[in-house]
Each structure stands twice: as C-alpha cells, then as structure tokens.
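Student: just need the structure, nothing else, for what follows:
(chains A, B and C)
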Amino acid sequence: MAHRDFRVQTRGQGLYEVTRELAAWVAEVAPSEALLTLFIRHTSASLLIQENADPDVQTDLKGFFHRLVPPTTDPSQSWMVHTYEGPDDMPAHVKAALLPVSLQIPVLDGRMALGTWQGVYLFEHRDNPHSRHITAMLR
Amino acid sequence: MAHRDFRVQTRGQGLYEVTRELAAWVAEVAPSEALLTLFIRHTSASLLIQENADPDVQTDLKGFFHRLVPPTTDPSQSWMVHTYEGPDDMPAHVKAALLPVSLQIPVLDGRMALGTWQGVYLFEHRDNPHSRHITAMLR
Amino acid sequence: MAHRDFRVQTRGQGLYEVTRELAAWVAEVAPSEALLTLFIRHTSASLLIQENADPDVQTDLKGFFHRLVPPTTDPSQSWMVHTYEGPDDMPAHVKAALLPVSLQIPVLDGRMALGTWQGVYLFEHRDNPHSRHITAMLR
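Tutor: Below you'll find the predicted structure:
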C-alpha cells in the first residue's frame, strides 16, 4: 500500500497528460497486482482517460465541452447565478460534474493495465493557470 | 474493512449533502490509511462531489442538468419512449448515466482526503420524495 | 484477490448487458465481502450501470447520446477535426469521456450489491462490430 500526491501546473483550459509520471511511480512502488485509485482534489478540474495517439482528439474534446457548457458571457447561459469568479467559473463546476473526479486502473504485472490507446489526463476547466493536486493510492 | 448503508430521504430534484455523516463514520471505523468507496443503488439518482461553499453552485448544477435533459413534456424530448412513470422518469435515467454511480475517496490520517471546497452529495433526479440508499465500503 | 478479462462482441452502437457473466464469476471466486472494480480498455466504448427492467430505457439512452453528440456528418459538428476514422469516430470519444471508464461495485454476502433494477452494461459507441475487453478485479 502506497500513496502519493501529484502536482500538475496548468496553463488554461485543456488536457494535460500525466500517464508517464504515474507509470514511473507504479513501476517503482507497485506489487505485481494492485488497484490504482486517482482522486482530484478540485471542483473545477477533472481526471480523464482518453486517446493519446492523435492530439486532435484532445482539441475536439475541449471544443465539445466548451460548446456544451459555454462561458456565462454567452447569452444562452444568462440563467446561471454563480458568476462572481468570472465567466469560466460555473461552467468549470458543470464540467467537473460531467467528468470523473476519481478513476480506478487495474495494475497487472506491475504496470497500469491501460488499453493500447489510453492515456491519463488532467482536464483543466479554468482559463487562468492553476496548481492542481491528484492523490494516487495503490492497494 | 467495514461497510455501511446510508439512507437519504429526498424531497424532489436537487443535491443533498452527506459529507458530515460520511466523515463521522470514517472517523469512527477507518484505519489511518484506506480507500472509501461509495455506491448508489439506484438508476434515477447519482453521487457527486462538488463545491460546498456557495449554495448557488448547487442551484446552477440542478439548472444545467434540467436544461440539458428536460422533462418529456418538453417538445424537444418527444422522441423519448420510456415515459409511463412520468415526465421526469427517462430524464432521470439519462442524468444517472451522466453522473457517478460510484465514487472513491482516499482516506489519509483517518479522514477523507477531500479538497478544501469539496463536499459529497446525493443528486436526486426525480420530482417525488424518495428514500435512497448509498453503500459505503472501507478497505 | 482475483482478476479476469471479459470479452464482449458488439454489433454497432448500443448497450450490451454483462451482469450475468459478472455475477457468475463473482459467485465462483469472491469472498463474502470484497470490492469489484471494472475497467474498460477502450476510448470509444464505456461501462454503465442502468435500469435492466424496460428495454426502452436502453433505446432512449442510446437516442439521447446520439442527439447530444451527433455524427460528424451532421452540420452542427462541422467544427470537429478528428474525423478520418469515420463520422462516428470523434463522437465515440466524446461519449467515452461522458460515461464511465471504471466502475466499482461492492460485493456483500458473496454477491454484487446492485440495486433491484440495476444491470451492468458495456455501451458501444462505434457503428462497426468490435471485440471489447473489460478487466474485472476483486479485492
């Protein structure tokens, strides 16, 4: 059993891959068989497992969620009340509700048993840079 | 290892915070390091970790999901087939697909390692009052 | 502790129930109390726990996600960039972001502690048949 805090420095909305850092830690401390749990300690950023082959996928994911939950400066969002931290604030909370706050990844043969095209990402929903924390736990 | 059933009595759509009840149970039975799993035994209510500072966030979350998946009385939903339990029935299933049925929270130093602004909620998607069950498991 | 790979052969978009296969494996190998983790090794298919009573619920879930994220042949999706694997490709990644990649189900009395109406599904997001892999882990 082990746990560790991973820090991710973000520079605006989008996906930030953390697969390599996680893999290195798992290689160092995991038994051959275990369960890796990731938990993000924020309500305006998410975890996500997605394709890591074509960067266009990440661009389109960001584009989809921006269109589904536009900033509160968009007339379609005029009903939103919680706006005092800026036009990206409440949409960030909505995206954090729609996307994972916790993830589990099986560890087999001492490595994360991800599919061929799967990478692990932090999805930042705020415009300004943030220092984000992910708690990783191996059991 | 421990498990417990938490019951939440709801009074219509919206978020019901359960952080305090969970924290009290964890303080009583958890070892210093553990993994807390929450599982909701329903298909028309969800679990959610969200901001617990400004109640407007909860109002806006409810508003967003109501607009994304309106009742079947709304003309935009006329294609929905499963309507015999009322206009809030099928939308409740859709919201339950979009939001978490299970959550994992690391326990460190004997307490849930939540972020500063994170609270744990049951999100009720039906209009009528319901008695909801959450299974909590510590390992 | 045990783990197993479940293979699901899909025939186009929609929900494929796996509850019975999972229940049989849990009955065979699980201790009386455990935690079952499911993980899908793909970025264009999802896991989902949903109502297994009325098949119309599954039809409407498929219908909702098809309307929320239409194929890239739909004019509303003309902004999407990642389209070279077909009009169902990028929408499949978006649906895989919106729906669970991992699920946890408590095992109590040697059985999955699902609610009365809950079934476990693989949700296929691609049009063509695929052979999908779910890793199940008991701890």
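Student: tell me the contacts of the residue of chain A found nearest chain B?
Tutor: Chain A approaches chain B most closely through residue A:41 (3.3 Å), counting by C-beta to the nearest C-beta. All C-beta atoms are positioned from the backbone trio N, CA, C, and that covers glycine. Contacts for residue A:41 (C-beta atoms under 8 Å, 6 or more residues apart in numbering or on different chains) come out as A:133-135, B:113-116, B:118.
Student: same check, this time on residue A:100
Tutor: Counting by C-beta under 8 Å, 6+ apart, residue A:100 has contacts A:46-48, B:100, C:100-101.
Student: can you list those in JSON lines and add pLDDT?
Tutor: Output for the contacts of residue A:100, formatted as JSON lines (pLDDT from 0 to 100):
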{"residue": "A:46", "pLDDT": "98"}
{"residue": "A:47", "pLDDT": "98"}
{"residue": "A:48", "pLDDT": "98"}
{"residue": "B:100", "pLDDT": "98"}
{"residue": "C:100", "pLDDT": "98"}
{"residue": "C:101", "pLDDT": "98"}
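Student: doesn't residue A:96 make contact with residue A:47?
Tutor: No: at 10.0 Å, residue A:47 does not count as touching residue A:96 under the criterion of C-beta atoms under 8 Å.
Student: starting at the chain centroid, how far to the lengthiest helix in chain A?
Tutor: The helix spanning the most residues in chain A, taking DSSP state H as the definition, is helix A:55-68. Here the centre of helix A:55-68 is set off from its chain's centre by 14 Å, with C-alpha atoms, centre = their mean, to the nearest Å.
Student: number of residues surrounding the residue of chain A at minimum distance from chain C?
Tutor: As assessed by C-beta to the nearest C-beta, chain C sits closest to residue A:115 within chain A, at 3.3 Å. Using other C-beta atoms under 10 Å in any protein chain shown, residue A:115 has 17 neighbouring residues.
Student: how about it, secondary structure?
Tutor: Secondary structure state of residue A:115, per DSSP: H, G, I helix; E, B strand; the rest coil, is coil.
Student: helix or strand for the closest residue to residue A:118 other than its chain neighbours, which one?
Tutor: Leaving out its chain neighbours, the residue that sits closest to residue A:118 by C-beta to C-beta, 6 or more residues apart in numbering or on different chains is residue A:49, at 5.3 Å. Using DSSP states H and E, residue A:49 sits within strand A:45-51.
Student: give me the contact list for that strand.
Tutor: By C-beta under 8 Å, 6+ apart, strand A:45-51 touches A:10, A:15, A:38, A:40, A:57-58, A:61, A:92, A:95-96, A:99-103, A:105, A:114, A:117-126, A:130, A:132, A:134, C:43, C:93, C:96-97, C:101.
Student: output the set of residues of chain A in proximity to chain B.
Tutor: A:1, A:3, A:37, A:39-43, A:68-69, A:79-82, A:90, A:93-94, A:96-98, A:100-102, A:104, A:133, A:135, A:137, A:139 (C-beta under 8 Å from any C-beta of the partner chain).
Student: now residue A:81. Its backbone dihedrals?
Tutor: Here is the backbone geometry of residue A:81 (degrees, to the nearest 10): phi -100, psi -40.
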